[in-house]
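*Asks:* Generate coordinates for the sequence data below:
(chains A, B, C and D)
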2 protein chains.
Amino acid sequence: MSYSSLKSIAKKLQISESTVSRALNDYKDISKTTKELVNETVLKMGYQPNVFARRLASGNAECLGFIIPWRDGQLNDPFLGELMAGMTSALNIKGWDLKVLVAKSLEEEMQLFKKLSVSKSVSGLIISRTLWNDKRFKLLKDLKIPFVAHGRSKSCDDSAWLDIDNEAAFYDMTNHFISLGHKKIAHIGGPSIYNFSIQREVGWRKALLEKGLSVSSKYFQVAELSFEGGMKAMNELLKLKSPPTSVCCVSDTVAVGAMQSLRNHNIYPGKEISLIGYDGLALGAWMEPQLSTMEHSLQSVGRKLAEMLIKLVEGRKKPTELQKLFSASILRRSTDNPPMAE
Amino acid sequence: MSYSSLKSIAKKLQISESTVSRALNDYKDISKTTKELVNETVLKMGYQPNVFARRLASGNAECLGFIIPWRDGQLNDPFLGELMAGMTSALNIKGWDLKVLVAKSLEEEMQLFKKLSVSKSVSGLIISRTLWNDKRFKLLKDLKIPFVAHGRSKSCDDSAWLDIDNEAAFYDMTNHFISLGHKKIAHIGGPSIYNFSIQREVGWRKALLEKGLSVSSKYFQVAELSFEGGMKAMNELLKLKSPPTSVCCVSDTVAVGAMQSLRNHNIYPGKEISLIGYDGLALGAWMEPQLSTMEHSLQSVGRKLAEMLIKLVEGRKKPTELQKLFSASILRRSTDNPPMAE
DNA sequence: ATCTTTAACGAAATCGCTTTCGGAGTCAAC
DNA sequence: GTTGACTCCGAAAGCGATTTCGTTAAAGAT
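*Replies:* I've put the predicted structure just below:
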């Protein structure tokens, strides 16, 4: 068992190496019987092709690069594991690798792209945290590196992307508040450099407009995507003469910060003021009260991202054919309730 | 710039390919002047060797495999990013890759090892979440796959490992409570299959013994490593006639669960009952009150793990020379305070 | 002046697989 | 019986490095 190469199974079957190789790669000029024969003995001998030889010969790195999403130099994304697990599940089928890359800023990331484009050590890239005006799209196109973006951008119509329908999520979230009887619905949004910040705001705005509710700019706060950001934003909302009765938060982290602000003001989240976060983080359930949120399957997202990129690399699809919208659904816990009687 | 190979820079310099190769790899039978010349033009031409060709020829995969730590099939480790960032920072220097692997159970992981040992697609592995009696150590040794364990095991004296000094951490934590004036100090530990669970319990026990405090088995609870686990364990402690005034928690997650239990019993964490967690999670600071904890640098751990494994793979060190103990230090937030007067 | 070292380099095999190209058969058609 | 189409397979040239082995020329020893 120790070790086996193409040559060894060619010798065993008394056929040429090239026939074995083509049989394994399912070429159409190999008879069905030989293919079966080859596959049998390959299984029996426990043969696994040398990936480096294959990659060298075929010119395909068979490797997807995933740049870990950075956030102000911090890399503590709780859903990284799920996402990568989803990716590898798709890659394992093809025997491809997932290579982890790290960049601590946009500049560093773009520098990395250039390196990768000459070393050709990855077949394609998955990028995250897309900006509204994201220079990476053009750069990757210029470098001719196939890629799928996790999230959209201002102009990404000709690229491959997978996104959550942020607009729909916040449209639904806002309508949920409306159906609970809320009329004063605020939004704590993220920095507008991020594409998702804008989409989420649009969803919130759209729902309010449709129902004829006021869309006061006072009910819209921009926050850093952090606990502190959420806290500060909520502080501002509480300064209003007529504070909102419910708040749509751009992320769970921000929502948790907002909850802290409420506590500091002796306001119980979900009673005087309702709020819903976004991301479906488990830690939301560890809060008192438990944070309601919008969730979606990260494993599915990861798997789909990888599948799309594989198709792109293999040329089976064009970027424009690879655009997929997932949707988030509300996870009711304890912070979304009807408004209190005034 | 487009593309350059060994051949192209050999031609440019009018020397042979093999000389160029040996110059780049710093062979001693190449003159200093040629080496400088080669390095210059390599830089000038932006040459990057084809990693697959090199890996094929040299037989070194130049790739470390990291198995994402699973936890009851869940993969939501918040420090994954930091850890991997540390690893890649060490790997980048050598031009090696970090390959992410996923296994959802111990069996699946061991199956994966066998596959990797025949495919030889990684030069070494980093394993996590070591058990007290961990079969992986023997298996990897038998398969002759170089590896470094993140965490120790019952018998790991002849393997490479990097661990946090769990015993010292909990010894310090317990002594910290003692110095604050506590006498009734409980411990919520993890399942005893994990090596760290045992070490942490030992540290707690040792501190109590040294100061002549009672080590009642009632003050020791085993919990699942989850929010619910922590909550249940604390519930048990509160049933005691004489509940503890402070609790050493095996992890932040468990500690947060314990806090919830306290709240359910109308006990304010850090007043009637103090508690300290472990892991240094950011979310601890999002709690009310903020959870005190033990922290250490995950980036350093990641980097060191990778460095150790590289040395091991290159044969520069033996496993027994690669055993490193990091230490955690207390991060005081708001849940560690002197006991209240009775 | 001859012999042995030593330093520095080139030639060529090798790593294990992919892929193009061409050749050998078989069969039907004219 | 020649032609053509089709099926199936082998030979051989890569892919882009590494590494062993041998060679040359200069330096040092006797």
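*Asks:* The closest residue to A:Tyr47 other than its chain neighbours: neighbour count?
*Replies:* Spatially, and ignoring its direct neighbours in sequence, A:Tyr47 is nearest to A:Ser4 (4.6 Å; CB to CB, 6 or more residues apart in numbering or on different chains). C-beta here means a position set from N, CA and C on the backbone, and glycine is covered the same way. A:Ser4: 17 surrounding residues under other CB atoms under 10 Å in any protein chain shown.
*Asks:* The residue in the stretch 151-300 of chain A positioned nearest to DNA strand C: what's it in contact with?
*Replies:* Going by CB to the nearest atom of the strand, DNA strand C is nearest to A:Ala160 of the stretch 151-300 of chain A, at 22.8 Å. Contact partners of A:Ala160, counting by CB atoms under 8 Å, 6 or more residues apart in numbering or on different chains, are A:Pro146, A:Phe147, A:Val148, A:Ala149, A:Met308, A:Leu309, A:Leu312, A:Pro319, A:Thr320, A:Leu322, A:Gln323.
*Asks:* would CSV of those with distance to DNA strand C, secondary structure and neighbour count be doable?
*Replies:* Converted to CSV, the contacts of A:Ala160 look like this (distance: CB to the nearest atom of the strand, whole Å; DSSP: H, G, I helix; E, B strand; the rest coil; neighbours: other CB atoms under 10 Å in any protein chain shown):
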residue, distance to DNA strand C, secondary structure, neighbour count
A:Pro146, 17, coil, 23
A:Phe147, 22, strand, 27
A:Val148, 23, strand, 27
A:Ala149, 28, strand, 25
A:Met308, 22, helix, 25
A:Leu309, 19, helix, 27
A:Leu312, 17, helix, 21
A:Pro319, 22, helix, 18
A:Thr320, 26, helix, 10
A:Leu322, 22, coil, 21
A:Gln323, 28, strand, 18
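*Asks:* Closest to B:Leu106 out of those residues?
*Replies:* Comparing those against B:Leu106 with CB to CB places A:Leu309 closest, at 30.4 Å.
*Asks:* Does the closest one touch A:Ile127 like I think?
*Replies:* No. Assessed by CB atoms under 8 Å, A:Leu309 is found out of contact with A:Ile127, at 10.6 Å.
*Asks:* Tell me, domain by domain, which residues of chain A belong where.
*Replies:* For chain A, automatic domain parsing gives the domain ranges A:1-42, A:63-164+A:298-328, A:166-296.
*Asks:* Now do the shared contacts for A:Leu309 and A:Ile127.
*Replies:* The contact lists of A:Leu309 and A:Ile127 share A:Phe147, A:Val148, where a contact means CB under 8 Å, 6+ apart.
*Asks:* B:Ala85 versus A:Phe170, what's the distance?
*Replies:* 31 Å (CB to CB, to the nearest Å).
*Asks:* Name the residues of the stretch 51-200 of chain A found near chain B, please.
*Replies:* Within reach of chain B by CB under 8 Å from any CB of the partner chain, the stretch 51-200 of chain A has these residues: A:51-53, A:55-56, A:61, A:66, A:68-69, A:75-82, A:84-85, A:88-89, A:97-102, A:115, A:118-121.
*Asks:* From those, list the buried ones, please.
*Replies:* Among these, those buried by neighbour count (16 or more other CB atoms under 10 Å in any protein chain shown) are A:51-53, A:55-56, A:61, A:66, A:68-69, A:75-82, A:84-85, A:88-89, A:97-102, A:120-121.
*Asks:* Mind jotting down where the strands sit in the stretch 151-300 of chain A?
*Replies:* A:160-164, A:185-189, A:220-222, A:246-249, A:274-276, A:293-295 (DSSP state E, counting those that start in this stretch).
*Asks:* Could you find the closest non-adjacent residue to A:Gly270?
*Replies:* A:Thr335 is the one closest to A:Gly270 (CB to CB, 6+ apart), at 4.0 Å.
*Asks:* ugh, typo on my part, it should be A:Ser327
*Replies:* A:Asp165 is the one closest to A:Ser327 (CB to CB, 6+ apart), at 4.9 Å.
*Asks:* what pairs with the most centrally placed residue in chain A across the strands?
*Replies:* For chain A, A:His150 is the residue whose C-alpha lies nearest the centre (CA atoms, centre = their mean; 4.5 Å). On the basis of DSSP bridges, A:His150 is bridged to A:Leu162.
*Asks:* That one reaches A:Leu298, doesn't it?
*Replies:* No. With contact defined as CB under 8 Å, A:His150 does not reach A:Leu298; the gap is 10.4 Å.
*Asks:* near DNA strand C, which residues of the stretch 51-200 of chain A show up?
*Replies:* A:Ala53, A:Arg54, A:Leu56, A:Ala57, A:Ser58 (CB under 7 Å from any atom of the strand).
*Asks:* ok, 10 Å please
*Replies:* Residues of the stretch 51-200 of chain A lying close to DNA strand C by CB under 10 Å from any atom of the strand are A:Val51, A:Phe52, A:Ala53, A:Arg54, A:Arg55, A:Leu56, A:Ala57, A:Ser58, A:Gly59, A:Asn60, A:Glu62.
*Asks:* For the first one, grab phi and psi.
*Replies:* The phi and psi torsions at A:Val51 (degrees, to the nearest 10) take the values phi -60, psi -30.
*Asks:* my guess is A:Leu225 contacts A:Ala255, does it?
*Replies:* No. Using CB under 8 Å, A:Leu225 makes no contact with A:Ala255, being 11.1 Å away.
*Asks:* what stretches of chain A score poorly on pLDDT?
*Replies:* A:1-2, A:72-76, A:342 (pLDDT under 70).
*Asks:* Please determine how far A:Arg264 is located from chain B.
*Replies:* One thing to correct before we go on: residue A:264 is Asn, not Arg. 9 Å (CB to the nearest CB, to the nearest Å).
*Asks:* Neighbours of that residue, how many?
*Replies:* With other CB under 10 Å as criterion, A:Asn264 counts 13.
*Asks:* Do you have the helices of the stretch 101-250 of chain A handy? List them.
*Replies:* A:106-119, A:135-143, A:166-179, A:195-210, A:227-239 (DSSP state H, counting those that start in this stretch).
*Asks:* who wins for proximity to DNA strand D among those helices?
*Replies:* helix A:106-119 (9.4 Å).
*Asks:* what's in contact with that closest one?
*Replies:* Residues contacting helix A:106-119 (CB under 8 Å, 6+ apart): A:65, A:67, A:70, A:101, A:103, A:122, A:125, A:127, A:131, A:135-136, A:139-140, A:143-145, B:1, B:3, B:46, B:48, B:50-51.
*Asks:* Can I get stretch A:251-271 in CSV? Just the C-alpha atoms.
*Replies:* This file holds the C-alpha atoms of stretch A:251-271, laid out as CSV (Å, rounded to 0.1, in the frame of the first residue of the first chain):
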residue,chain,number,x,y,z
SER,A,251,-25.5,43.7,13.3
ASP,A,252,-25.7,41.6,16.5
THR,A,253,-22.6,43.2,17.8
VAL,A,254,-24.0,46.6,17.4
ALA,A,255,-27.3,45.5,18.9
VAL,A,256,-25.6,44.2,21.9
GLY,A,257,-23.9,47.5,22.4
ALA,A,258,-27.3,49.2,22.0
MET,A,259,-28.6,46.9,24.7
GLN,A,260,-25.9,48.1,27.0
SER,A,261,-26.8,51.7,26.4
LEU,A,262,-30.4,50.9,27.2
ARG,A,263,-29.4,49.2,30.5
ASN,A,264,-27.3,52.2,31.4
HIS,A,265,-30.5,54.3,31.0
ASN,A,266,-32.5,51.8,33.0
ILE,A,267,-34.5,50.8,30.0
TYR,A,268,-35.3,47.2,29.6
PRO,A,269,-34.6,46.0,26.0
GLY,A,270,-37.7,44.5,24.4
LYS,A,271,-40.1,46.4,26.6
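*Asks:* Of all the residues in that stretch, which ones are buried?
*Replies:* A:251-262, A:267, A:269-271.
*Asks:* now swap in stretch A:18-32 and tell me
*Replies:* A:Thr19, A:Val20, A:Ser21, A:Arg22, A:Ala23, A:Leu24, A:Ile30.
*Asks:* Okay, and the second one sits in which element?
*Replies:* Looking back up the chat, that one is A:Val20. Per DSSP states H and E: A:Val20 is located in helix A:17-24.
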